[in-house]
Structures are given as C-alpha cells and as structure tokens.
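Chemist: sequence and predicted structure below; questions after.
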Amino acid sequence: MGMLILTQPGNRANTYGPYAAAVLKAEGFADLDVQPIGPESLGRLNDYDVVILTPSLPRRAVVERIVDYVKAGGRLIALRPSRLLAVELGLAPTDTAAFPAYVRPLPGNAISAGVPHESIQTHLPVDNYEPLQLPEGTREIARVYLDAEVETSYPAVLHMPLGKGQAVVFGYDLSQAVALIRQGNPSHQGWRTLGFGNPYRPNDMYSGHLDPRRMHLPQADMHAMLLGNAINAIAKHPQPRLWYYDSPETKSMVVLDSDDDYSPLEAFEALMDSVEAHNGHISIYLMLGPSKYTIATPERVEGWRARGHSFGIHHNAFDPQYVNEEQDAVMEEIVRRDTDYFREHYGGETVIANRNHCLGWKGYVDLPRIYEDVGVVLDTNLLSIRHQWLQYTNGSGHPGKFVDTDGEIIEVFQQLTQAYDDASVKAQLSSNPVGEAKATRQVMLEKKERYFSPLTMLSHPVSFYTYSSAYQNQCWDYANELGLPIWSAFEWADFVRARDQAQVSQSAWNNGSFSCTVSGSSPSGSFTLMVPLHNGETPRASVDGETVDVTLQDAYGYTYALVPVPISSNGAESRQVVVQT
C-alpha cells in the first residue's frame, strides 16, 4: 500500500513539497506515490498506509476531507499544516512563530527516542501552538528553541490521536529545512564570505549559517530520521525501506577519491598501491589543461583502471588560459570543454563523480545543473574545512539530491567530504598523524554504530607522497579493523544512483507475513531490504523462493530485519521477497 505524498503545485507554500520525496528516497523509502491535491488523490487516501501532506493552503472542503479521513482511521503526517488544518486537527495556533528556530527531539517517545536529543537548526520559522491546549492524548516529540540553548514552551512536532486515526504534525517545512542545512544560505551565492581567498567555493554559503555549536551533528539527517520514525510510528502497516548499502554487513564505508593537482607519477603509484593494500579502490580527478596537463596519460589510466581504480576530471578555473577571467563566467565552458576532452582521449567510462580544483563553484546550484547535463551523479566539492574538520558542514553524511530555490530537483547528489589532506591541514597531519587518525576512527565508529553514513575521504597523490601517508594509512587500517569497505567515489556514485532508481512495490502484510517486490539493478548485484519489526525476533525470509539469511539491525530507535536481495547488475529485474515475522 505504501505512502502517498500530497503536493500543491503552483502554491509558493509548497515550493519544497516534492522534495519531501527526495528526502524519503534518500532514507530508503521506495514505495511512495507523489500526487497533487485533487479529486483523484483525495479519493484514494484509504489506499495508502500513510499520507504525507506537504506544506500547502487547501480550501476548507479539502481540509474537511483530510480530517474526516484521519477520524475514520487514516494516518496523516502534516508538514507545516495550514492554519485552517491545524485548527481542524484540534491545535490552537498562537499566530506567532519562532524564527530562525531550532527544534530539539525529546526523549520518552518512540519517534525521537533514537535520535540525538540536542537542538538542531531549521533556518526557518516554526509555528507556535498553544502548549496548554493540545488535544487529549497528544505527545510532544520535539520542542521549539529560539537558539541552540534557549528553550520555549512551544511544541515543534506532535503525535496526536484523532478519532480512530493518528496524525503527526511538524510545525515547520521539514523538506526546506533539510535543503537549507545541506546546501547553505542561497543569499550567499557568489559571495566570498569564508575569508579563504579565491575562488568562490560552496563553503562560502555556510558562513554565518552553520551554527558551530551544532556542526558535530548530522542535522539534516536528524530531521530525516524524525520523519522516517514518524512513518514507522503511525503507518497502518510497517513500511519497508532499502538499506543504505548493498550488504547487510555494511554499516558504513569509506568513500575515497583524489585530486590530481599535477602530482608526479611516483605519487600516483604510491597512493594506489597503498589503497590496494587496504583492499580498496580510489577515484582520481585529472588535471586536463588546456594549458597544463596531468602526467596520467590515457595509456597509464588504462592500466590503472584494470586494477579497479576510476578517473574523472579536476576542472581548473586557475589554468593560465583563464587567469584573467571571472570564475563564474567561465566555469560552464571549462566543464564542457574538459568533459569533451576526457571523452575523446580517455573514454571507457562516463565521469560520474567530481571535485573541482580549489573547490571552485558557480551560483547556488548552477554547477550541479551543468553536471546533470554532462552525466555527473555525485559531487564531492563541499569539504569540512578549517575548524569544521571531520564535522558535518552540511548536516549530513549521506548523499542527497540538490534542489533549487524554486523547488526544482536536480539529479545530482551532494556528498560531503569530511577528511582530506591539503595545505589547510598539512601541519596537523604532519605533526600528529596518530592523533588525527584516532579522531577519524571515532567518526568512523559513530557512523557505523549510530548514523550509518559513509565517511568520504580525499587524498591528493602529492600530499600522500610527501606528508599524509602516515595519517591516511592509519585511517584505512582502522577502516579495515572496523569492517568498513573502501569504495571509490565512482563505485559509490554508481550504487547511490541505482538505489535511488530502485522500487519497492506490492507491499502486503498478511497474518505476520510480509511480501513485496524489489525492482531495479545494482552494480554490486544486490540490495538490502529493511523491514521494521515489533517483536525483536529474527524472522525467516526468502527471495524468489530461495531462503536467505536475515540480520537484525537497530536504527534510530527501531529494529529492522535486513534482508539481502540478489539482483541483476546489468538491466532492471524484479525479485519477490517474503518475510515471516
């Protein structure tokens, strides 16, 4: 039955409404239907296990239809409901709002019990509802804060009964909050706010935007956790998801890439030899002129590809040919020129992951739009630089699609790079490689045990060869010790795209037995299905009638059965999954 996401195209309040689907897809929800509010969708509310109403301004007749649906046993998640809907749900709007608000998940309830209980940013107003006039049986899930430490009495998220049904109300536009946390302040686009010199970088959009008191938290991921847990809490039937990785055994991984930076041949070889010694692969972005070129000739690249490594482009707005040009004006020309050159001389694979020289950027999401056109899937330009070292600059360790301020979703995933070697950290990596590696291990452990996101690491060949090998090798030793695979950025991008395109359909529960169809294609030959459990016992499972092993996994306060689903790596196919709980 799955989920229905209701949008209201053409209404400014609903600009980020469709992005709710992208947020949920990133969390693995693949059995969802996005429809505009209208007679057809309103007539089918009971066909779904849960309805998610994105921010909208429906007329009274529509509001009454939605409220009647809930009272008759329906399940509703309302993201910043209109004032009219809030009143009909039994809330008492104060007609005030906290801005820019923080929200703090509270202990003592299923939805937020497994989410860190620290306040997180929204960069948005949050509607204030009268806390002393909540409907009977309502539970507060999260509280409004005026600042990271300044608490109010107002609820930010509520779980309430209504007739025979249930509703969860978010007093803010969660999808827009995720976008603003992930992508920074769009009003900063084009401004060099970081104080880090030329060029303009994506990091310039986070100056004065990211609260340094909260950069240790994956804030965007935490908002998504709350939404996912709300679905678990109220859906008529448990909702299956796709695990973040292809294998149930993988809880996190290292995603590894490298920037050429005119490194010498011996540096390339030393880096790749070490990565291979740790059972990994790496993606290396090449300097392709037009005035000065990499030593990685097509012939050398062909040999390195045979060893499992991959190669892309390190677009360089600092090439002598562009030294007197404005970066923003020539960036698209550079990307398209380099892409054509790569295809002509290197061939063999499409460039699906990218980082630019010195992190050069264009606009807010102008560059991802260009990437989408030339086939790039994963952008790793955003680094946790300076005091943000190893922290969550964009509030996320997971890949997530870019979205423009008009709500248009761009089919390119942003992936934060949290650990790296360059001039800004050369001193600390040279003087204390063991200590920095231990700190990185702690981040790996936290990801493996709590957040389940990958750690993206950058190692320049020349940096590795001259000063950072002690740090990088120790980190990769830790990855091996903790069971974190080391994938190249290309391998990760390929899987991220496949997972996003996969579908879960025909979900059904019958006397404790769950069945569904998983459709798609995975470059590794498998997906992993997550099925929420309520009894904590290990179920039995089969795929196309063949028994498969099941792993139990606790995530964000809920227990799941992780079911491996073998699937084609060459062309989409469907698999029938049955889980006996």
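Modeler: Thanks, I have the structure now.

Chemist: could you find the closest non-adjacent residue to residue 201?
Modeler: residue 359 (4.3 Å; C-beta to C-beta, 6 or more residues apart in numbering). All C-beta spots, glycine's among them, are computed from the backbone N, C-alpha and C.

Chemist: list of residues touching the longest helix along the chain?
Modeler: Ranked by residue count and defined by DSSP state H, the top helix of the chain is helix 327-345. Here helix 327-345 makes contact (C-beta atoms under 8 Å, 6 or more residues apart in numbering) with 190, 198-200, 286, 288-290, 298, 312-313, 315-317, 319, 322, 351, 360-363, 366-367, 370-371, 374-375.

Chemist: ok, and what's touching the next helix or strand after that helix?
Modeler: Using DSSP states H and E, the helix or strand that directly follows helix 327-345 along the chain is strand 353-354. By C-beta under 8 Å, 6+ apart, the residues outside strand 353-354 that reach it are 257, 283, 285, 310, 312-313, 315, 371, 376-381, 489-490, 492-493.

Chemist: can you select the buried ones from those in ChimeraX?
Modeler: A single ChimeraX command is used to select the members of those judged buried by 16 or more other C-beta atoms under 10 Å:
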select :257,283,285,310,312,313,315,371,376,377,378,379,380,381,489,490,492,493
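
Chemist: circling back to that earlier point, and the longest helix of the chain, which residues are buried?
Modeler: Applying 16+ other C-beta under 10 Å to helix 327-345 flags 327, 328, 330, 331, 332, 334, 335, 337, 338, 339, 341, 342 as buried.

Chemist: follow-up on the earlier one: list only buried entries from the contacts of helix 327-345.
Modeler: 190, 199-200, 286, 288, 312-313, 315-317, 319, 322, 351, 360-363, 366-367, 370-371, 374.

Chemist: what about those residues, which are in strands?
Modeler: 286, 312, 313 (DSSP state E).

Chemist: any idea how far the longest helix of the chain is from the chain center?
Modeler: 27 Å (C-alpha atoms, centre = their mean, to the nearest Å).

Chemist: stretch 161-170 spans what distance, first to last residue?
Modeler: 15 Å (C-alpha to C-alpha, to the nearest Å).

Chemist: mind listing residues that contact that stretch?
Modeler: Here stretch 161-170 makes contact (C-beta under 8 Å, 6+ apart) with 67, 69-81, 86, 89-91, 111, 135-138, 141, 156-160, 226-227, 230, 233-234.

Chemist: and the gap between residue 160 and residue 85?
Modeler: Distance of residue 160 to residue 85, given as C-beta to C-beta, to the nearest Å: 13 Å.

Chemist: before we move on, what about residue 329?
Modeler: When residue 329 is compared with residue 85 (using C-beta to C-beta), they lie 46 Å apart.

Chemist: per the record, what domains does this structure have?
Modeler: Domain assignment for the chain by automatic domain parsing gives 3-241, 254-497, 502-580.

Chemist: let's have these in JSON lines, adding distance to residue 248 and mean pLDDT.
Modeler: Below are the domains of the chain laid out as JSON lines (distance: least, C-beta to C-beta, whole Å; pLDDT from 0 to 100):
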{"stretch": "domain 3-241", "distance to residue 248": "13", "mean pLDDT": "97"}
{"stretch": "domain 254-497", "distance to residue 248": "12", "mean pLDDT": "97"}
{"stretch": "domain 502-580", "distance to residue 248": "4", "mean pLDDT": "95"}
